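[1] okay, here's the prediction I keep looking at, along with the sequence it came from:
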Amino acid sequence: MIKFESVAKTFRRARVLDGISLEIGTGERIALIGSNGAGKTTLIRCLLGEYTHDGSVTIDGHSPRRERTAVLGKIGFVPQLPPPLKMPVGQLIAFAAGLCGTDPKRILEVAGSLGLDTTPIMDRQFVRLSGGMKQKLLIAIALGREANVLVMDEPAANLDPEARKIFFELLAERTASATMLISSHRLNEVASLVNRVIELDLGRVILDDRVADDVSLSGMLACRISAKRVEPAFVKALGTWNFEDLGGGLEWQGLVAGPDRLRFLGMTSRYVALISNLSITEVNK
Amino acid sequence: MKHLWLTARLDIVESLRARWFQIYTLVFGGIVALLFLFGLTESRVLGFVGLSRLLVTYIQLTMAILPIFVLVTTVRSVAGDREAGVFEYLLSLPVSLGAWFWGKILGRYVVIFAPVFVAMLGAVLWALARQIEVPWEIFTYYTALLASMCACFLGIGMLISSLARGTDMAQGAAFLVWLVLLMFLDLILLGVMIQGKVAPEVAVGIALANPLQVFRTAALALFDPQLIVLGPSAYVILDTFGAAGFRLYALAYPAVIGLLCAVAGYVVFKRGDLP
């Protein structure tokens, strides 16, 4: 579906991409990882037809540079840093929907399912939204249309656990029909979302590995935690994960999205001395 | 075409909320307000009285301010948007590069032309309300002159924005272009003519290739048809173009310069890296 053939990009004398060749099929979920300057953003920009480069990039045989409207109509993109757009939210949605030929209501529905109530913010400038709101809106614009390639740069970084859970479910609905390219500095941020890992370093692919696809994007984990004593910071942290207090702040239970397990365990590890019991059970949804 | 309008509308909405636009509107609205406040409609210079006097002063001030304002705000906002990642995101949407670039120019044109025109129109409406005679010929020609001036400097601004990668570089280049045009108004040309290094016709030719000088001369020609204030240069201009011909040239030439610069900017934009 996506084909990079000997893609090279040089900025002045710095070679940022050094002859990258990759083939990515439909349904693959790729983690594009690497340190700063590895070439992730440049590769994504080549895929979006934004950079000129040597070699070729095609999606279903079409060039994103020469056949922009046809190819980009199928790509949903979520940048890592939201652009500082001064236009009102309503205008941005209308603009994106108009270009993508989708119904703005569809974008609003996805935003609503991510927990973003767009009604009171339609006239507010996009740049004035909080980080999480911006991220949800950009995800809604990317998912609220017929995109069969999703390119996302740390898409869940600014989302709360509940929104992340829904985001994973939305991605799960598209696993059969869409190809996903998720960029991140660290593999553990996106490991549970993907079935293939591509690591870049100095513009070259240094790792291309298919990983076990055991984690279902829509799977859930039932968790139960016992604490030795009541610690406000721990209570607050569990609150952000929508955990229910079963007794005096000492017993907690809640549901965690399957792909969020590493992140959840990362949170609990900070309070490991407080935890007397922790159980995690996969539940079918 | 739909994408072009969408982009133009987007640029207008973005600009209306930008601080530069508020200052820009305030400056031109303020000029007209101040001219009224100082009773310029009551004064008389070279036989000009009433609204004609105000419009002549307004166009002179506009010619001094508008080029640098349009150049700097255009390159700042376009190059600034590119640096801030606005292009990266918006150009990931399925919009053709032609619709994006020309839509942006169209939107920007509306935004820079509207305040200068509305300020002038406001003066005319005020005059009508106060039963001051309105010089419609001057008003129409000055409107066309302003439209041409906006097109010229917007085109140059978009070319600079396409060529320069960073805001600082773009801003510096815009300032340099303005400075060169300004210097070739009188300063350098007078010097080389006095030294006898070039034929007077060449010096006048260079001046007439300078859009700033063309506007200046066209504005003068309306209240001084024989261009007496220009001295002997007037003979070259009037012999070459004729009075009506020069008025037409003053509208068409800068607009063509702007269009050519915009086309060159588009070619550069289309061939290079977008964000």
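    Cool, the structure landed.

[2] number of residues surrounding residue 140?
    Since no chain was named, I'll use chain A. Close neighbours of A:Ala140, defined as other Cβ atoms under 10 Å in any protein chain shown, add up to 26. Bear in mind the C-beta positions are built from the backbone N, C-alpha and C, glycine included.

[3] actually, chain B is the one I wanted.
    10.

[4] helices or strands next to the helix or strand hosting A:Leu265 in the packing?
    A:Leu265 belongs to helix A:261-269 when elements are defined using DSSP states H and E. Counting by 3 or more Cβ pairs under 8 Å, 6 or more residues apart in numbering or on different chains; DSSP states H and E, the packing neighbours recorded for helix A:261-269 are helix A:187-190, strand A:220-227, strand A:275-283.

[5] isn't B:Val95 up against A:Arg68?
    Yes - the criterion here is Cβ atoms under 8 Å, and B:Val95 meets it with A:Arg68 at 7.4 Å.

[6] the two: which is more packed in?
    B:Val95 (27 against 24).

[7] contact partners for the more buried one?
    A:Arg68, A:Thr69, A:Leu72, A:Leu99, B:His3, B:Leu6, B:Thr7 (Cβ atoms under 8 Å, 6 or more residues apart in numbering or on different chains).

[8] and the closest residue to B:His3 other than its chain neighbours, how many neighbours?
    Distances taken as Cβ to Cβ, 6 or more residues apart in numbering or on different chains put B:Ala99 closest to B:His3, at 3.7 Å, once the chain neighbours are dropped. Look at B:Ala99: counted by other Cβ under 10 Å, it has 21 neighbours.

[9] could you say which helix or strand holds B:Ala99?
    helix B:97-129.

[10] same check on B:Arg53?
    helix B:51-84.

[11] also A:Asp209?
    strand A:204-210.

[12] can you tell me the closest non-neighbouring residue to B:Lys2?
    A:Gly98 (6.9 Å).

[13] which residues pair with the closest residue to A:Ser279 other than its chain neighbours across the strands?
    Counting by Cβ to Cβ, 6+ apart, A:Ser279 lies nearest to A:Arg224, which is 4.8 Å off, once chain neighbours are set aside. Using DSSP bridges, the bridge partners assigned to A:Arg224 are A:Gln253, A:Ser279.

[14] which residues touch A:Arg145?
    By Cβ under 8 Å, 6+ apart, the neighbours of A:Arg145 are A:Gly76, A:Ala97, A:Cys100, A:Gly101, A:Thr102, A:Arg106, A:Ile107.

[15] and it, which of the three is it?
    Classification of A:Arg145 using DSSP: H, G, I helix; E, B strand; the rest coil returns coil.

[16] picking that back up, average pLDDT for the helix holding B:Ala99?
    Averaging pLDDT along helix B:97-129 gives 90.

[17] lowest-pLDDT helix or strand in the chain?
    Here I'm looking at chain A. Ranking every helix and strand in chain A by mean pLDDT, DSSP states H and E puts helix A:187-190 at the bottom, with a mean of 70.

[18] not quite, I wanted chain B
    strand B:44-45 (a mean of 54).

[19] can you give me the neighbour number for residue 146?
    No chain was given, so I picked chain A. Counted with other Cβ under 10 Å, A:Glu146 comes out at 13.

[20] correction: the question concerned chain B.
    For B:Leu146, using other Cβ under 10 Å, the count is 23.

[21] so who does the residue nearest to it when sequence neighbours are not counted touch?
    What sits nearest to B:Leu146 in space, not counting adjacent residues and going by Cβ to Cβ, 6+ apart, is B:Val116, at 5.3 Å. Taking Cβ under 8 Å, 6+ apart, we find B:Val116 in contact with B:Phe28, B:Thr62, B:Leu66, B:Leu146, B:Cys150.

[22] for B:Gln213, same thing?
    B:Phe184, B:Leu185, B:Ala207.

[23] could you rerun that using 6 Å?
    B:Leu185, B:Ala207 (Cβ atoms under 6 Å, 6 or more residues apart in numbering or on different chains).

[24] any idea how far chain A is from it?
    Separation of B:Gln213 from chain A (Cβ to the nearest Cβ, to the nearest Å) stands at 36 Å.

[25] again with B:Met149
    For B:Met149, the distance to chain A - Cβ to the nearest Cβ - is 26 Å.

[26] wait, a helix at that residue?
    Yes - per three-state DSSP, B:Met149 lies within a helix segment.

[27] what residues does chain A put near chain B?
    Selection of chain A residues close to chain B by Cβ under 6 Å from any Cβ of the partner chain yields A:48, A:50-52, A:68-69, A:72-73, A:77, A:79, A:81, A:83-84, A:86-87, A:91, A:95-96, A:98-99.

[28] rerun at 7 Å
    Proximity of chain A to chain B is confined to A:45, A:48, A:50-52, A:68-69, A:72-73, A:77, A:79, A:81, A:83-87, A:91, A:95-96, A:98-100, A:125 under the rule Cβ under 7 Å from any Cβ of the partner chain.

[29] buried members of those residues into PyMOL, please.
    To isolate the buried ones among the residues of chain A next to chain B in PyMOL, judged by 16 or more other Cβ atoms under 10 Å in any protein chain shown, type:
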select buried, chain A and resi 45+48+50+51+68+69+72+73+77+79+83+84+85+86+87+91+95+96+98+99+100+125
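
[30] about what we covered before: widest-spaced pair of the contacts of B:Val116?
    B:Phe28 and B:Cys150 (11.6 Å; Cβ to Cβ).

[31] can you pull the contacts of A:Leu32?
    Contact analysis of A:Leu32 by Cβ atoms under 7 Å, 6 or more residues apart in numbering or on different chains lists A:Lys40, A:Leu43, A:Leu181, A:Ile182, A:Ser183, A:Ile198, A:Leu200.
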